[in-house]
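[1] When you get a sec, could you give me coordinates for this:
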Amino acid sequence: MRKLALFLLPLALLLLAGFISGCSAFQRPPTLEEQANDLYKALMCPLCAGQTLEQSQSEISNQMRALVREKLAQGATKEEIMQFFVDRYGEAVLAAPAKKGFSLFVWIIPALAMVVGGFFLYRLIKAMQARATVKVKPESQLSEQEQQYWDKRLKAELEERDGKLH
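    Predicted structure coming up:
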């Protein structure tokens with residue numbers, strides 16, 4: 001047993017070191033094309049209903065994609081490029097609403113609805129459980145006649161069972 005532990009301990013430490021080094025591995029910075037694709041997904045086409053720049057094939061989307069690539073090549077950040085398009089087309093150009101001001105409600109309401117819905121579901125389940133409990137009449141509430149009847153029936157059933165066993 002001790003030999004097994006001496007073998008498994010270094011093995012476990014080696015595995016742990018591998019996991020830790022894998023988690024902290026160097027990640028290369030995203031390429032300009034990867035950054036551009038992220039922006040294409042984050043910006044909406046101003047003419048096409050419900051389509052991002054990535055999905056749209058309109059002329060304005062082609063121009064916007066070219067502008068995104070140009071600005072990235074000039075060294076602009078994702079935030080700067082998104083702000084450029086917001087200044088030009090308004091908040092509607094963002095695929096996801098900003099997490100500030102009135103748009104914050106879009107982010108808060110679903111979580112709040114889950115909490116409130118969970119509370120009401122909990123109360124509903126508790127109410128259903130309370131109604132489902134069976135009210136059994138305790139023995140002490142049986143009348144004398146009912147008690148004698150059940151005692152005789154139990155005794156007869158036990159005698160019948162004992163007779164079949166022997």
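[2] How is the protein divided into domains?
    If you go by automatic domain parsing, the domain ranges for the chain are 32-96, 99-130.
[3] number of nearby residues for residue 52?
    Taking other CB atoms under 10 Å as the neighbour definition, residue 52 ends up with a count of 16. (C-beta placed from N, C-alpha, C; glycine too.)
[4] Go ahead and confirm it touches residue 93.
    No - Residue 52 is beyond contact range of residue 93, at 10.0 Å (criterion: CB atoms under 8 Å).
[5] Can you check which residues contact both of the two?
    Taking CB atoms under 8 Å, 6 or more residues apart in numbering as the contact rule, residue 52 and residue 93 both touch 43, 44.
[6] quick one: least confident helix or strand in the protein?
    Per-element confidence for the chain was summarised using mean pLDDT, DSSP states H and E. The lowest value among helices and strands belongs to helix 2-23, with a mean of 65.
[7] Downstream of that one, the next helix or strand is which one?
    Per DSSP states H and E, the first helix or strand lying C-terminal to helix 2-23 is helix 32-42.
[8] So for the host helix or strand of residue 147, mean pLDDT?
    Element membership of residue 147, judged by DSSP H and E, is helix 144-165. Here helix 144-165 scores 86 as its mean pLDDT.
[9] Pick the most buried one from the domains of the chain.
    Using mean count of other CB atoms under 10 Å, the stretch among the domains of the chain with the largest mean neighbour count is domain 32-96, at a mean of 15.
[10] isn't residue 46 right up against residue 89?
    Yes - taking CB under 8 Å as the contact criterion, residue 46 and residue 89 are neighbours in contact, 5.0 Å apart.
[11] Not counting stretch 34-49 itself, show me its contacts.
    Here stretch 34-49 has contacts from 30, 50-56, 58, 60-61, 64-65, 68-69, 72, 78, 81-82, 85, 89, 92-96, using CB under 8 Å, 6+ apart.
[12] follow-up on the earlier one: quick one: list the elements packing against the helix holding residue 147.
    Taking 3 or more CB pairs under 8 Å, 6 or more residues apart in numbering; DSSP states H and E as contact, there are no helices or strands that helix 144-165 lies on.
[13] now it, how far from the centre of its chain.
    Chain-centre distance of helix 144-165: 58 Å, with CA atoms, centre = their mean, to the nearest Å.
[14] Stretch 156-166 now?
    Per CA atoms, centre = their mean, the displacement of stretch 156-166 from the mean C-alpha position of its chain is 60 Å.
[15] I'm done for today, thanks for sticking with me.
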